[in-house]
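Trainee: have a look; sequence and predicted model below, questions after that.
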Amino acid sequence: MEPWNVLLASHVIAALFVLAIGPVQILRRRRDRIHRTMGHLWVAAMYYVCLSSFWIVSEGHFSWLHGLSAFTIVTVTLGLISAVRRNIPAHRGNMIGSYIGIAVAFGFAVAAPGRAIPHLLAEDLPTALYVAALVALSVAVVFISLRRGEGRRVQDTGRKADQATVAAASAGAVAGRSQ
């Protein structure tokens with residue numbers, strides 16, 4: 001079993017972040033600025049999880065999880081390219097597939113004896129729960145912050161439209177008096 005170190009801890013935190021953001025992205029109906037911003041965070045965290053996994057090896061050997069990481073890098077990249085090209089069905093399929101892949105990898109990492117996460121859960125459950133709660137809280141804070149920012153943006157747009165209407169009406173009234 002690997003000892004806990006900065007790489008392993010950051011890998012686990014990023015994986016938890018990806019697992020927490022995934023359902024928000026998949027189940028939320030609106031595909032707006034919030035979806036894009038959360039998607040960028042998800043993609044960055046996903047790349048980090050996949051790439052960092054290549055430095056986390058057991059007894060100097062890669063496992064099937066490393067193959068899954070390589071495959072996931074490809075599917076996330078294809079999903080990103082599909083989004084840019086507005087090929088939404090391909091984007092959705094690649095991203096949901098990538099999410100399912102990391103969920104399977106997480107299940108294996110939690111359930112397989114001799115791995116670091118089961119050891120942590122057995123020996124220090126409060127720390128594991130604390131980290132999971134912090135990750136869930138951070139995802140909620142990001143989502144709520146983006147949502148509140150979206151609401152302010154809509155209000156500002158409405159105010160600008162109201163101001164433009166008032167300005168146009170004033171200009172029309174001034175033009176009408178000068179004739």
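Mentor: On my side now, so go ahead. What you see is a predicted model; the values in this text were computed from it and never measured.

Trainee: quick one: low-confidence parts of the protein?
Mentor: For the chain, the stretches flagged by pLDDT under 70 are 1-4, 121, 151-179.

Trainee: in it, which residue is closest to the centre?
Mentor: Centroid check for the chain by CA atoms, centre = their mean gives Trp42 as the closest residue, at 2.4 Å.

Trainee: just give the nearest non-adjacent residue to that residue, would you?
Mentor: The spatial neighbour of Trp42 that comes closest, neighbours along the chain excluded (CB to CB, 6 or more residues apart in numbering), is Ile21 at 4.7 Å. C-beta coordinates here come from the backbone N, C-alpha and C atoms, glycine included.

Trainee: any idea which element the one you found lies in?
Mentor: helix 6-27 (DSSP states H and E).

Trainee: for Ala44, same thing?
Mentor: Here Ala44 sits within helix 33-53, counting by DSSP H and E.

Trainee: got the buried residues for the next helix or strand after that helix?
Mentor: Using DSSP H and E, the next helix or strand after helix 33-53 towards the C-terminus is helix 64-84. Using 16 or more other CB atoms under 10 Å as the burial criterion, the residues of helix 64-84 that qualify are Leu65, Leu68, Ser69, Thr72, Ile73, Thr75, Val76, Leu78, Gly79, Leu80, Ser82, Ala83.

Trainee: off-centre distance for helix 64-84?
Mentor: 14 Å (CA atoms, centre = their mean, to the nearest Å).

Trainee: just to revisit the earlier point, residues contacting the residue nearest to the centre of the chain?
Mentor: Taking CB atoms under 8 Å, 6 or more residues apart in numbering, we find Trp42 in contact with Val18, Ile21, Gly22, Gln25.

Trainee: swap in Ala105?
Mentor: Here Ala105 is in contact with Ala15, Leu65, Leu68, Ser69 (CB under 8 Å, 6+ apart).

Trainee: one more time with 10 Å, if that's ok
Mentor: With contact set as CB atoms under 10 Å, 6 or more residues apart in numbering, Ala105 has these partners: Ala15, Leu19, Val49, Cys50, Ser53, Trp64, Leu65, Leu68, Ser69, Thr72.

Trainee: what's the answer for Ser52, then?
Mentor: By CB under 10 Å, 6+ apart, the neighbours of Ser52 are Leu7, Leu8, Ser10, His11, Val12, Ala14, Ala15, Ser69.

Trainee: wouldn't the fifth one be in contact with Ile102 here?
Mentor: No. Taking CB atoms under 10 Å as the definition, Val12 is not a contact partner of Ile102, at 11.9 Å.

Trainee: between these two, which contacts overlap?
Mentor: Val49, Ala109.

Trainee: what angle separates the helix holding Ile21 from helix 33-53?
Mentor: 150 degrees (axes from the mean of the first three to the mean of the last three CA atoms, to 10 degrees).
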